[in-house]
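**Student:** A predicted structure for the sequence below; I have some questions about it.
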Amino acid sequence: MPFKGLRTVLFTSQTKDSSITSSSSSVSTYSPSPMTRNRLSTPLHTFSEAMIEENIEQANSIITKWDPNSSTFAKVTSLFHESRSEAQEFLKSVKKLQQAMHFFASHNSSSQKLVQAQKLMQVAMKRLEKEFYQILSSNRDHLDPESVSTRSSVSEYEDEAGPEDEIQLAGESISEVEKFSTLAMSDLSSIAECMISSGYGKECVKIYKIMRKSIVDEALYKLGVQSLTSAQILKMDWEVLEIKIKSWLNAVKIAVKSLFHGERIVCDHVFSTFDFIRESCFSDITKEGAILLFRFPESVAKCQKSPEKMFRMLDLYNAISELWSDIDSFFSFDSTSVVRSQALNSLTRLGDTIRAMLSDFESAIQKDPSKTPIPGGGLHPLTRYVMNYLSFFTDYSVILSDIFANCPLPENTSLPESYFESPNPNDNPLSALAVWMAWIILVVLCKLDGKAKLYKDSTLAYLFLANNLVYVVQKVQTSNLRFLLGEDWVSKHKATVKQYTASYERMGWRKVLLAIPDDRTATMMSVMKANECFKNFNLEFEQTYRSQSSWIVTDSKLREEIKVSIAKKLVPAYRDFYGKYRDCLGIKENVMESAVKFAPDDLVNYLSDLFYGTVASGSGSSSSSSPAQSRGKHSKR
């Protein structure tokens, strides 16, 4: 201590003087007797005591001046606000007073000066206790989010933009005010160090904990953090609970990034030299509120199992996952391990719930009860439902990969070896998430194969499969599924779409195409035989057109590709046959009128009406109309 250093210096100086004196009278080293040493030390002790008494008088002067009971000025005025230089002198005087007390306690414990010093110390501590409280109170705004919107406005999300803006303003407010005044923190640190080193740490810490905890608790309250039990959550309507989840998602980011972070900074600064105290303060101030905050997701996860709620579970999981490094850092003390455990428990519970939901999602697909064929072979609701879900899942790829990392697919859901084909043998295996995504699509496609069997017309069944598979491929191509499944997957399933459409064309237009004689047969054909061929063609084309007029191709590009493909096979062959026999059949108008109903260009016009779910209005007929009934609209002979 400084006093001890002073004594050492004085004693060393005195000894050097004696040595110099002795060296003039004797060559040998002088070793004073005990009695001599006592005589030499007496002036030193007296001199040191005089200096200590002087320090007490100086301390008495400034401490008495700022005794709240000494004057109205001292009672209502802040020392650190009024004069920072005098505040520093006050702290130095307390330290000197502490040295004086140690001195008298070890040299003269019955001294009245010791009693005086003790009384002055009590007065000084009351003053510093008052200053500590005033600084904390007057600087409350620096970490107290006064501009945070009220709890009710935070919780109500009926107007999507408004509340989100309010939450954002709350975050900005706390982010700004968390920059606690450097000056104030410096003063608090100085006072804390002085009080703790003087044996008054308990009083200092008590004030700090009460003040700071009220700030944290109030901020959490204004952010909408509530104590809700699992039973209360279970009874809530989903619409109400979803509002609370949205509120929590916004609140947790602000609480961790600003509130808890800011409190950790202040604690670490104010009690920088007292590790145990700063740990105790931060723990007592934040632990209760943090546990309450991080318990909410676990409670929600216990109560919600429906696949429709899965995206909110993913949002909760993602929020904790993204904040985990901060949570682990801010609550790194042993005394706050319960906070880390609670956050981890919520993360684990959410992961388990999401995995259960995904399993239920798969089961729901496999158990889809619909037995009614989709009119016109259009898009099945199951296809749209599943692919929309999977495309949304890709927004959570990182989270789902983490959830699936330690959750391999069951053996009975292993994919065919040929399901994935990669041109590069050195490519890494697909992630568990990608395998799961591919498996779900395979489950859907298998389910669609079963539903295709509900159609009595196998031609329509192939069109149904083409419609649904092209939708699946498009969803993969236009979402992040493409990066998970790869280009080979897309190419393979595009090829399957072509196989379906080829089967549709072959089965659906086979009789029409066979009704047109080939070139050799047409050349050797008699007029009567040609007449019969035209009649047969008319019949087959009308029947095919009529049956397919209510069919649909949902994708415009695929629709045009099918029409063009049919036209390329049908129109040129019919045009050749028509050209060879038009003139000879045209001699007899009544024959021409009864046998040749369609010009080649008419076929193109009729084909253009197909695959919209009904005959286009341009034909002037209903879905049950035949081409012959509306040929006047199309004929270009």
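**Tutor:** Received, thanks. For clarity, every value in this text was computed on a predicted model and none was experimentally measured.
**Student:** domains of this protein?
**Tutor:** The chain breaks down into these domains under automatic domain parsing: 2-19+32-133, 147-183+196-357, 368-485, 510-634.
**Student:** quick one: which of those domains is nearest Lys492?
**Tutor:** Closest to Lys492 of the domains of the chain is domain 368-485 (CB to CB; 6.4 Å). No exception for glycine: its C-beta is placed from N, CA and C like everyone else's.
**Student:** where does Met528 land on pLDDT?
**Tutor:** pLDDT recorded at Met528 is 80.
**Student:** that one sits in which helix or strand?
**Tutor:** Met528 belongs to helix 527-548 when assigned by DSSP states H and E.
**Student:** also Arg582?
**Tutor:** Per DSSP H and E, Arg582 falls inside helix 556-586.
**Student:** got the buried residues for that helix?
**Tutor:** Buried residues in helix 556-586, defined by neighbour count with 16 or more other CB atoms under 10 Å: 558-559, 562-563, 565-566, 569-571, 573-574, 577-578, 580-581, 585.
**Student:** with stretch 341-359 instead?
**Tutor:** 342-344, 346-347, 349-351, 353-354, 357-358.
**Student:** any chance of these in TSV, with pLDDT and distance to Glu86 too?
**Tutor:** Converted to TSV, the buried residues of stretch 341-359 look like this (pLDDT from 0 to 100; distance: CB to CB, whole Å):
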residue	pLDDT	distance to Glu86
Gln342	96	47
Ala343	96	47
Leu344	95	51
Ser346	95	51
Leu347	94	53
Arg349	94	57
Leu350	94	56
Gly351	92	59
Thr353	92	61
Ile354	92	62
Met357	90	66
Leu358	90	68
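**Student:** okay, and which of those residues map to strands?
**Tutor:** Among the buried residues of stretch 341-359, no member falls in strands (DSSP state E).
**Student:** can I get the residues you listed in JSON lines with distance to Leu465?
**Tutor:** Listed next are the buried residues of stretch 341-359 as JSON lines, based on distance: CB to CB, whole Å:
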{"residue": "Gln342", "distance to Leu465": "50"}
{"residue": "Ala343", "distance to Leu465": "48"}
{"residue": "Leu344", "distance to Leu465": "47"}
{"residue": "Ser346", "distance to Leu465": "44"}
{"residue": "Leu347", "distance to Leu465": "42"}
{"residue": "Arg349", "distance to Leu465": "41"}
{"residue": "Leu350", "distance to Leu465": "38"}
{"residue": "Gly351", "distance to Leu465": "36"}
{"residue": "Thr353", "distance to Leu465": "35"}
{"residue": "Ile354", "distance to Leu465": "32"}
{"residue": "Met357", "distance to Leu465": "29"}
{"residue": "Leu358", "distance to Leu465": "26"}
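**Student:** quick one: which of the residues you listed is nearest Ala184?
**Tutor:** Closest approach to Ala184 among these (CB to CB): Ala343, at 30.8 Å.
**Student:** for the closest one, list the residues it contacts.
**Tutor:** 294, 320, 324, 327 (CB atoms under 8 Å, 6 or more residues apart in numbering).
**Student:** and for Phe260?
**Tutor:** The neighbours of Phe260, taking CB under 8 Å, 6+ apart as the test, are 216, 286, 290, 326, 330-331.
**Student:** of all the residues you listed, which two lie farthest apart?
**Tutor:** Taking CB to CB, no two of these sit farther apart than Val216 and Asp326, at 15.8 Å.
**Student:** comparing the two, which shows the higher neighbour count?
**Tutor:** Applying other CB atoms under 10 Å to Val216 and Asp326 shows that Val216 carries more neighbours, namely 22 against 15.
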